[in-house]
Each structure stands twice: as structure tokens, then as C-alpha cells.
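Trainee: Here's a sequence, model it:
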Amino acid sequence: MLVKEYRICMPLTVEEYRIGQLYTISKHSHQESDTEEGIEVLRNEPHYDPAHGQGQHTEKRVHLSSKLPAWARAFVPRIFYITERAWNYYPYTITGKPCSFLPKFSIHIETKYENNRGTSDNIFGLEKDSCAAEVDVMDIAYDDFPERHYNLSEDPRCFSSVKTGRGPLEEGWKKTCCPIMCSYKLVRVQFEVWGLQTRVEQFVQKVRGVHL
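Mentor: Presented below is the predicted three-dimensional model:
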């Protein structure tokens with residue numbers, strides 16, 4: 001199992017982010033549904049947890065065949081999907097992504113949102129021997145990413161909000177920006193197939209880092 005923690009700061013509050021998150025999820029689902037491969041919503045219902053209170057449980061089927069690299073398509077079925085199960089107790093969420101075709105493959109993501117600059121260590125309360133998980137501190141404005149994902153209208157280095165007066169983000173923005181929040185994500189990837197485990201787990205973490 002490969003475990004990584006991602007810390008993603010953004011120039012807004014946790015309360016504001018929730019609104020944006022709902023919009024982004026809806027937009028992404030719509031865009032994916034316009035292609036041959038889309039997202040099927042299987043379940044969307046209230047759920048209560050004794051520790052986290054009232055939340056929402058969703059279950060989706062995400063079709064991914066065309067998005068797999070060539071080496072992966074060689075050993076998975078032509079029609080390939082994962083089932084995404086999520087429990088949203090905002091500002092804490094849990095997402096599990098098992099694969100029906102590959103029972104030994106799974107992705108588990110815990111997310112916590114806090115109004116700070118990414119300064120909370122071991123926010124997920126890992127055991128002492130697990131705290132060595134790699135921490136990747138991401139910069140939404142200045143980290144490198146694939147050119148195919150670039151959209152000028154969404155570039156934080158160019159965008160300025162008329163409504164809030166925030167932006168564009170200059171180098172070192174995380175030290176001075178106010179308000180600021182951080183999305184902490186603990187990602188566990190497991191693929192127990194001899195000869196492919198390390199390659200697949202590293203590939204998923206790399207792709208996950210781009211799309212977080």
C-alpha cells in the first residue's frame with residue numbers, strides 16, 4: 001500500500017469552498033456525462049454517523065476505459081469502471097474507490113478542510129509508525145502540471161475576482177493571503193498484484209495529485 005498526504009491551500013474560507021465544491025462536482029459530472037463514458041449515480045441519501053453527525057452518502061459508477069494508459073488497458077476489460085462511495089460530513093469526507101474487475105485494487109481518501117495555511121501536522125491522527133507517510137504540499141498557482149489541463153480563464157496567476165477583489169496570486173501568496181484555507185487529503189492506494197503493485201500504486205498517486 002502506498003500512502004501520501006496532500007496539502008492544498010486556497011485563497012478562501014472553508015465555508016466558501018463548500019459552495020465551490022458543490023458547483024465543481026456538478027460541472028464535472030455534467031461534462032463527463034456528455035462523453036461516451038460518464039458517471040452513473042447509484043445512490044444519494046442522508047447518512048448519520050455517531051462521530052461526525054449528519055451527512056450524505058453517495059455511490060457512483062465512474063467509467064474510465066479511455067482514460068487508462070496503454071499498458072493498463074492491456075490487462076483490464078474493454079468496459080472498465082470503478083465504484084465511488086463517499087460519505088460527506090463536511091468539513092470531513094471519506095471516499096472509497098474499489099474496482100469490481102480488480103478486487104485487489106482500491107483507493108481510499110480521507111479529507112479534512114481547515115482555515116489555516118497547511119500547518120496542521122498529523123491531522124488524521126495516524127499511528128506513530130504511519131506518520132512517515134510522504135507529505136506533498138501543493139501550490140495551485142505555481143506547481144507544474146500537464147499542459148492539456150491548462151485553461152487561461154482558470155489560471156490563479158491571472159484571475160482576479162470582481163466580487164471578492166482577490167487575485168491574481170503572486171509567488172509566495174500562501175504566506176500573505178487572507179483568507180486562506182487548506183484541504184488535507186490522505187490517499188491510500190492498494191494494488192496487490194505481484195509484478196505490477198508498485199507501478200500501479202505510483203501511477204495512481206501521480207494522477208491523483210494532478211486532479212486533487
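Trainee: What pairs with the one helix or strand residue 42 maps to, parallel or antiparallel?
Mentor: Element membership for residue 42 (DSSP states H and E) is strand 39-49. In the sheet, strand 39-49 lines up against strand 53-63 (antiparallel) (DSSP bridges).
Trainee: Give me the residues contacting the strand it pairs with.
Mentor: With C-beta atoms under 8 Å, 6 or more residues apart in numbering as the test, strand 53-63 has contacts from 32, 37-49, 79-90, 97. All C-beta spots, glycine's among them, are computed from the backbone N, C-alpha and C.
Trainee: Pull out the buried residues from that strand.
Mentor: When burial is assessed from 16 or more other C-beta atoms under 10 Å, strand 53-63 yields the following buried residues: 55, 57, 58, 60, 62, 63.
Trainee: Looking at those residues, which is nearest residue 126?
Mentor: residue 55 (22.3 Å; C-beta to C-beta).
Trainee: before we move on, back to that, in the strand holding residue 42, which residues are buried?
Mentor: In strand 39-49, counting by 16+ other C-beta under 10 Å, buried: residue 39.
Trainee: In contact with residue 40, which residues?
Mentor: Per C-beta under 8 Å, 6+ apart, neighbours of residue 40: 60, 61, 63.
Trainee: How about residue 190?
Mentor: 1, 2, 104, 105, 106, 107, 108, 201.
Trainee: Go again with 6 Å.
Mentor: 1, 106 (C-beta atoms under 6 Å, 6 or more residues apart in numbering).
Trainee: pretty sure it is in a strand, no?
Mentor: Yes: assessed with DSSP: H, G, I helix; E, B strand; the rest coil, residue 190 lies in a strand.
Trainee: residue ranges for the helices of this structure, please.
Mentor: 14-33, 70-73, 173-176, 197-211 (DSSP state H).
Trainee: so residue 41 bridges to which residues?
Mentor: residue 60.
Trainee: Distance-wise, check it relative to residue 137.
Mentor: Per C-beta to C-beta, to the nearest Å, residue 41 is found 33 Å from residue 137.
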